[in-house]
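Below are the sequence and a predicted model for it; my questions follow.
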Amino acid sequence: MSEAEVTGEALIRSLGQAGRDPASIPLEKINVADAELFETDTQWGYFERLRREDPVHYTVDEEYGPFWSVTRYEDVVTVEKNPEIFSSARSIFLSDPDPEFPLEGGFITMDGPRHDGHRKAVQPVAAPRNLKILEPLIRERVIEILEGLPVGETFDWVDRVSIELTTGMLATLFDFPYEERRKLTHWSNLATMDLAEAKRLGVIEEVRASLLECLDRFMALREARADQSQEGRLDFVSALVNNAATKDMEPMEYLGTLMLLIVGGNDTTRNSISGGLLALNENPAEYQKLRDDPSLIPNMVSEIIRWQTPLAYMRRTATQDTELGGKSIKAGDKVIMWYVSANRDEDVIPRANEFLIDRENARKHLSFGLGVHFCMGSRLAEMQLRILWEELVARFHSVEVVGDPVRVRSCFVKGFVEMPVRVRPG
């Protein structure tokens, strides 16, 4: 290796990928699972290069082990449509399960009839019939949140709006004590913390202890609701305990299902609420377009969810030797579907790097996945965003982002920790 090459390697290690021009790093050294890229919102150039030069990209990572990054839209669709070849049963995360804490991942990490039975048990809670019942309650809470905002003062949008709205909805979906709803947010944050990251930060024991606290709370709720009449009650705990496929789940399997439902009901909506506001602030012409024509809100909601892609990836594990994008995938290999990249694939989505609230076919995104594991709560997420923006436009001229947002340091949850804003009255 030449002196220049040695210097270049040292620079990559010292600056990290977030401090580099993606074109300056050898292709085989690119690792889009670097959480710093997402924390600094500098991942885009790396994904663009992989889509162009190496769309099914092999990475050897010190923390996660080797994995394949699938970055083009059509290749992600291929993986999603072939669950018998690309299984979710091992894990949906880059990290393998914690051997000292046998938490199962809920029905998203199941295949075949077992997956179908468990999903069917809770599906009615997020079905259109129940959403119609929930819509007035969501609107009532949105109005209460918005009318409580300090107009003219700087406050944190993530805490006051994004978390407050989604956590309140979670409490309703689980029939969990409303005054303790922030515990659901806390447990959701822990459930999406990568195992390798938790170990690196030295908080793995705290994570395990807190998740066991969650289990204790929900075991008590399960016991209380067993064999209760379902008339007038439609919540996740009751649905699980009164269905033949799920009523006898072992505690860790039950906890895994709870975590799936909590995260699914929290992260997608919460971070799309924040990401949508930031996108409108970064694209003032689109914000004006919204003010001029609020009927664009339903379409805008789909564009927000594409643009934000609140869960950046999902993992599958190859069950057999196969080929994808001209690459030979071996049985047991980790295959990472980067939704965040597929949603910016201009071969499929025209002008994909532009935020356009009137985009044609705005629902053609992969933020909710595809196929058998398509997000069960997609309509609920869309409804919450729609109602929020209907009420925002009706009472405020704008909500201005007045400082740099703080992003989550994670390559899985693509979201925000803080976002300082100020409301401008209408």
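Perfect, thanks for sending it.

In contact with residue 163, which residues?
The contact partners of residue 163, by C-beta atoms under 8 Å, 6 or more residues apart in numbering, come to 182, 185, 270. C-betas here are computed from N, CA, C, even on glycine.

Turn those residues into a markdown table, columns for neighbour count.
A markdown table is the format used below for those (neighbours: other C-beta atoms under 10 Å):
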| residue | neighbour count |
| --- | --- |
| 182 | 14 |
| 185 | 19 |
| 270 | 28 |
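
Name the nearest of those residues relative to residue 135.
Comparing those against residue 135 with C-beta to C-beta places residue 270 closest, at 18.8 Å.

Which helix or which strand is home to that closest one?
Element membership for residue 270 (DSSP states H and E) is helix 251-282.

Summarise which helices and strands the next helix or strand after that helix is packed against.
Counting by DSSP H and E, the next helix or strand C-terminal to helix 251-282 is helix 284-292. Helix 284-292 is packed against helix 251-282, helix 378-395, strand 396-401, with contacts defined by 3 or more C-beta pairs under 8 Å, 6 or more residues apart in numbering; DSSP states H and E.

Ok, which of the ones you listed comes nearest residue 71?
Minimum separation from residue 71 across the helices and strands packed on helix 284-292 (C-beta to C-beta) falls at helix 251-282, 20.2 Å.

buried set for the closest one?
Using 16 or more other C-beta atoms under 10 Å as the test for burial, helix 251-282 gives 253-281.

bridging residues for the residue positioned nearest the centre of the chain?
By C-alpha atoms, centre = their mean, the mean C-alpha position of the chain lies nearest to residue 311, the distance being 2.8 Å. Counting by DSSP bridges, residue 311 is bridged to residue 413.

For stretch 347-367, buried residues please.
Neighbour-count burial for stretch 347-367 flags 348, 349, 352, 355, 356, 357, 359, 362, 365, 366, 367 (criterion: 16+ other C-beta under 10 Å).

Would you reformat these as a markdown table and include distance to residue 286?
Putting the buried residues of stretch 347-367 into a markdown table (distance: C-beta to C-beta, whole Å) gives the following:
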| residue | distance to residue 286 |
| --- | --- |
| 348 | 21 |
| 349 | 16 |
| 352 | 15 |
| 355 | 6 |
| 356 | 7 |
| 357 | 5 |
| 359 | 10 |
| 362 | 12 |
| 365 | 17 |
| 366 | 22 |
| 367 | 18 |
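
okay if I get those residues as TSV plus distance to residue 106 and pLDDT?
Shown next, in TSV, are the buried residues of stretch 347-367 (distance: C-beta to C-beta, whole Å; pLDDT from 0 to 100):
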residue	distance to residue 106	pLDDT
348	30	98
349	30	98
352	31	98
355	32	98
356	35	98
357	34	98
359	33	98
362	29	96
365	23	97
366	20	98
367	19	97
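
where in the chain is pLDDT low?
Counting by pLDDT under 70, the chain contains low-confidence residues at 1-15, 227-233.
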